[in-house]
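Trainee: everything below, folded, please.
(one chain, ligands or ions: 2)
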Amino acid sequence: MIFNVDKETLPRDELAALQLTRLKNQCERVYANVPFYRKAFDDMGIKPGIVNSLEDLPRLPFTEKQDLRNGYPYKMFAVPIDTIVRLHASSGTTGKSTVVGYTKRDLDNWAELMARSLSAAGLSSSDFIHNAYGYGLFTGGLGVHYGAERLGATVIPISGGGSKRQAELLRDFGATGMTCTPSYALYLYEVAYDMGIDIRELPLRVGVFGAEPWTEEMRAEIERKLGITALNIYGLSEIMGPGVAQECAESKCGMHIFEDHFLPEIIDPVTGASLPPGAVGELVITTLTKEAIPLIRYRTRDLCSLDLTPCVCGRTHARITRILGRSDDMLIIRGVNVFPQQIEAILVEMEGISPHYEIEVKREGTLDALEIMVEFSEAMFQSDEIRHIQKREKSLQKSIKDYLGVTAKVRLVEPQSLKRFEGKASRVRDLRKKE
Ligand code: AMP
Ligand code: ZN
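Mentor: Ligands and ions are numbered 1, 2, ... in the order given. Next up is the predicted model:
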């Protein structure tokens, strides 16, 4: 179901007109209220009035995560602090956290966009949503929560952690929808399974997963194990939180970015040049309605491409593809660019191993060495196939060499022996950085 038919199916020319009006307004506001932007505009010798069409966007300055850190905690706010009704902070996966604030209207818009997202995933007011995103400074929990309420669904604010209890309540409360990170969904499946609860047999039918990169293969794994439809949701606290973009159940192919609130661009992460639809590059987002922290051309560091082809669901908003990695977590191994997600995609294709893995990159002498530890599945562990471990390790090594062009040492390890993550998984250890 389309939650806001007027806005989500707006003809593209009308959408562009709305975006332009809003963009001009945002430029005026940041120039007048945020010293960082006044300086950035002045340094480039431009005034907000420079924007006469959407094509003028590349003439505006970028905003980086570091700019928000420099403005810690409130210097990027464009409104008086007493109009802020909530604060959140990013999880700080890549350094010191950044603080974000919301006005009443920001929260109202966020709830709407999150309701649009859940609706696009096929959930409605009659659903029970088990929300296992963490409640707190992280935007996931409360973001989904108010969206689910806006939708009129019944939200179960279970938050993260306490997995045994989660499994029990998932069964007892009969949730039909679930929201968490994709890695937690798989973890919860294992916990439930060990308790004799088969999630496949529960009423659960839709999962809305995000906050960390995942792959099509992982989707297939989740759908098979949990017996649900698994959809991708994207968001980041600097821009809002969850609900910036959401996959529709109809296409399951790319996430509609809510373009009446966000203006997306794809750029070359090295040169900053704009890239055309279809080209993979860094996603840059300009907020069009944010009051508390309007951001101009925010560099997300997330790599994806933009798809402007019409979607079967009827929404006119562009889609971003699955996030392929970050322009800042790309591993360069002996000169070859490798994204952890590519390694994962190869691992999960192989039978007999589980999607739990760790990647370690270190320096052996002067050369980079890549080691991948991956758990074999319980089934394989119990069968006598274990004798063939070496063969499997070799075969994985060969696939990685064939697909990615890098030599890796693969080690199959016992089920349950690698670290589990209840929040964002962090599976890469780059020991070279400490040298
Ligand atoms: P945070 O601000 O702490 O919520 O982190 C936001 C970051 O999480 C984004 O910039 C992405 O790198 C990552 N992220 C969020 N949703 C997804 C998703 N669906 N797929 C891949 N990465 C995601
Ligand atoms: Zn669609």
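Trainee: how far does stretch 343-353 stretch from start to finish?
Mentor: Start and end residues of stretch 343-353 are separated by 13 Å (Cα to Cα, to the nearest Å).
Trainee: that stretch - what's its average pLDDT?
Mentor: Per-region confidence: stretch 343-353 scores 84 on mean pLDDT.
Trainee: stretch 152-163 too?
Mentor: The average pLDDT within stretch 152-163 is 96.
Trainee: between the two ends of that stretch, what distance do you get?
Mentor: Stretch 152-163 has an end-to-end distance of 26 Å (Cα to Cα).
Trainee: got a list of contacts for that stretch?
Mentor: The set of residues that contact stretch 152-163 without belonging to it, under Cβ atoms under 8 Å, 6 or more residues apart in numbering, is 118, 123-136, 141, 144-145, 148-149, 165-166, 169, 173, 175, 177, 180, 184, 187-188, 191, 422-423. Every C-beta, even on glycine, is put in place using the N, C-alpha and C of the backbone.
Trainee: are any of those buried, and which?
Mentor: Buried residues within the contacts of stretch 152-163, defined by neighbour count using 16 or more other Cβ atoms under 10 Å: 118, 123, 127-135, 141, 144-145, 148, 166, 175, 177, 180, 184, 187-188, 191, 422-423.
Trainee: now intersect those with the helices, please.
Mentor: Members of the buried ones among the contacts of stretch 152-163 lying in helices (criterion: DSSP state H): Leu118, Gly141, Val144, His145, Ala148, Gln166, Tyr184, Tyr187, Leu188, Val191.
Trainee: got the residues of this protein near ligand 2?
Mentor: For the chain, the residues found near ligand 2 under the criterion Cβ under 5 Å from the ion are Cys248, Ser251, Cys311, Cys313, Arg315.
Trainee: can you do 6 Å?
Mentor: Counting by Cβ under 6 Å from the ion, the residues of the chain close to ligand 2 are Cys248, Glu250, Ser251, His256, Cys311, Cys313, Arg315.
Trainee: looking at these, which one is closest to ligand 1?
Mentor: Ligand 1 has its nearest neighbour among the residues of the chain next to ligand 2 in His256, at 12.7 Å by Cβ to the nearest ligand atom.
Trainee: any of the residues of the chain next to ligand 2 buried? List them.
Mentor: Cys248, Ser251, His256, Cys311, Cys313, Arg315.
Trainee: any low-confidence regions in the stretch 251-400 of the chain?
Mentor: Regions of the stretch 251-400 of the chain meeting the criterion pLDDT under 70 cover residues 329-330, 335, 337, 384-387.
Trainee: in the stretch 51-200 of the chain, what residue comes closest to ligand 2?
Mentor: Among all residues of the stretch 51-200 of the chain, Ala120 sits closest to ligand 2, at 7.0 Å; criterion: Cβ to the ion.
Trainee: ok, now which ones touch that residue?
Mentor: For Ala120, the residues meeting the contact criterion (Cβ under 8 Å, 6+ apart) are Ile2, Phe3, Leu231, Gln246, Glu247, Cys248, Ala249, His256, Cys313, Arg315.
Trainee: buried stuff in the strand or helix carrying Leu68?
Mentor: Applying DSSP states H and E as the criterion places Leu68 in helix 65-70. By neighbour count on 16+ other Cβ under 10 Å, the buried set for helix 65-70 is Lys65, Asp67, Leu68, Arg69.
Trainee: can you check stretch 361-374 too?
Mentor: In stretch 361-374, the ones that count as buried by 16+ other Cβ under 10 Å are Val361, Asp368, Ala369, Leu370, Glu371, Ile372, Met373, Val374.
Trainee: wasn't the last one part of a strand?
Mentor: Yes - according to DSSP: H, G, I helix; E, B strand; the rest coil, Val374 belongs to a strand.
Trainee: you'd agree it is up against Glu349?
Mentor: No - contact status for Val374 versus Glu349: not in contact, 11.8 Å apart, counting by Cβ atoms under 8 Å.
Trainee: can you list residues touching both of these two?
Mentor: With Cβ under 8 Å, 6+ apart applied, the contact sets of Val374 and Glu349 do not overlap.
Trainee: other SSEs contacting the longest helix seen in the chain?
Mentor: If you go by DSSP H, the chain has its longest helix at helix 12-33. Other elements packing on helix 12-33 under the criterion 3 or more Cβ pairs under 8 Å, 6 or more residues apart in numbering; DSSP states H and E are helix 35-43, strand 281-287.
Trainee: most tightly packed of the ones you listed?
Mentor: Comparing those by mean neighbour count (mean count of other Cβ atoms under 10 Å), strand 281-287 ranks first with a mean of 25.
Trainee: which helices and strands sit right next to the next helix or strand after it?
Mentor: Moving toward the C-terminus from strand 281-287, the next helix or strand (DSSP H and E) is strand 298-304. Using 3+ Cβ pairs under 8 Å, 6+ apart as the contact criterion, the elements in contact with strand 298-304 are strand 229-236, strand 281-287, strand 325-326.
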